[in-house]
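A.B. asks: Pasted the sequence and its predicted model underneath.
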Amino acid sequence: MYLFLKVAIRVRPMNAREKRNSERAVATVLDDNLLAFDRVFDERATQEQVFDQTARLLIDDVLGGTNATVFAYGATGSGKTHTMQGKDGSLGIVPQMLAALFQRISGSDPAIAVSMSYIEIYNETVRDLLSGARESDYLELREDPHRGTVIVGMEQVEAESVDVLLNHLRQGNRHRITESTAANSVSSRSHAVVQLVLSKKSAKGKKQHMLSKLSLIDLAGSERAAATQNVGLRMLEGSMINRSLLALGNCINALSSRAAPAYVNYRDSKLTRILKDSLGGGLQAAERS
Ligand SMILES: Nc1ncnc2c1ncn2[C@@H]1O[C@H](COP(=O)(O)OP(=O)(O)OP(=O)(O)O)[C@@H](O)[C@H]1O
């Protein structure tokens, strides 16, 4: 079981409210490798620079058959959705990854197919962002001895062109649950998980063999209830978010522990159950735990 973990930190520019209140930056970037991070980006870093020096570096591994995961983790309002999704004219990691992947696989022999799913995990329930289902329609998880954790009924779109997938992505983004909190006027209250499954097509293009899975995740904001002044439902959301982030942290700690074989408890949250085959390097490795 192998876990190669790289951590980059990105400092966003101060927003209008922070400037108005003369707030102090909690981190000042001194150089590109400040502290124990693999990469540090200051306020001037462009979306392209962040992509080139983080997620783009995974493309060779993914095309070589390794499962990989990219997370954006941080306090609410720190810039996770901006970094992962961005907006038209300033595209984040997910749309840039789709474009870069399609560029790499075009004309590859054997042909490689890309299918995409997009779900969100909100208060420990799973919603399909691509199917156009209502907010109250939840998907169930099932453990399959051969396929690992299966999300029953989840939409998976396969497309020949990047533009079609980008349209699905935009549509999915519109379906995400966001709420206004004291820390962010459009705070994402869920974990948003884009999964790209790469498959090799056989000579006649009919049969496909799964090559790898790439998960791109905009985690819900970690937060302290006092800082966000949340009450009622917002506070319940906050505690669910923190619980699943803790479960994820525990899995990553266990996987990166030097003492082998580590026991990895994926069962504590929907997020870690879904990522079981993406964190531990592959389904067989994850199944042994
Ligand atoms: N590097 C950046 N440059 C310019 N604007 C940014 C940057 N990072 C974030 N922002 C802006 O800051 C605001 C908050 O960012 P964003 O919504 O991405 O935060 P978040 O971490 O996803 O928050 P939450 O966890 O509450 O969803 C947005 O208006 C976003 O456009």
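C.D. replies: Happy to help now that I have it. Residues are numbered from 1 along each chain as shown.

A.B. asks: Is residue 118 in a helix, a strand, or coil?
C.D. replies: Assigned by DSSP: H, G, I helix; E, B strand; the rest coil, the conformation of residue 118 is strand.

A.B. asks: Can you give me the distance of residue 263 to residue 253?
C.D. replies: 11 Å (Cβ to Cβ, to the nearest Å). For glycine as for every other residue, the C-beta is placed from the backbone atoms N, C-alpha and C.

A.B. asks: For the stretch 151-289 of the chain, which segments count as helices?
C.D. replies: Assigned by DSSP state H, counting those that start in this stretch, the stretch 151-289 of the chain shows helices spanning 162-174, 225-228, 232-256, 270-274, 276-279, 283-288.

A.B. asks: Can you mark which positions in the third one are buried?
C.D. replies: Spelled out, it's helix 232-256. Within helix 232-256, the residues that count as buried by 16 or more other Cβ atoms under 10 Å are 234, 237-238, 240-242, 244-245, 247-248, 250-252, 254-255.

A.B. asks: what about it, average pLDDT?
C.D. replies: Helix 232-256 shows a mean pLDDT of 81 in the predicted model.

A.B. asks: next one: the first one
C.D. replies: Average pLDDT, helix 162-174: 93.

A.B. asks: all helices of the stretch 1-150 of the chain, in order?
C.D. replies: Ranges of helices within the stretch 1-150 of the chain are 16-20, 47-52, 59-63, 80-84, 93-105, based on DSSP H, counting those that start in this stretch.

A.B. asks: roughly how far apart are the residue in the chain sticking out farthest from the centre and the ligand?
C.D. replies: Outermost residue of the chain with respect to the C-alpha centroid, by Cα atoms, centre = their mean, is residue 204; its distance is 33.3 Å. To the ligand, residue 204 is 44 Å away according to Cβ to the nearest ligand atom, to the nearest Å.

A.B. asks: got it, and residue 197?
C.D. replies: 25 Å.

A.B. asks: show me what contacts that residue?
C.D. replies: Residue 197 makes contact with 114, 115, 116, 117, 156, 210, 212, 213 under the criterion Cβ atoms under 8 Å, 6 or more residues apart in numbering.
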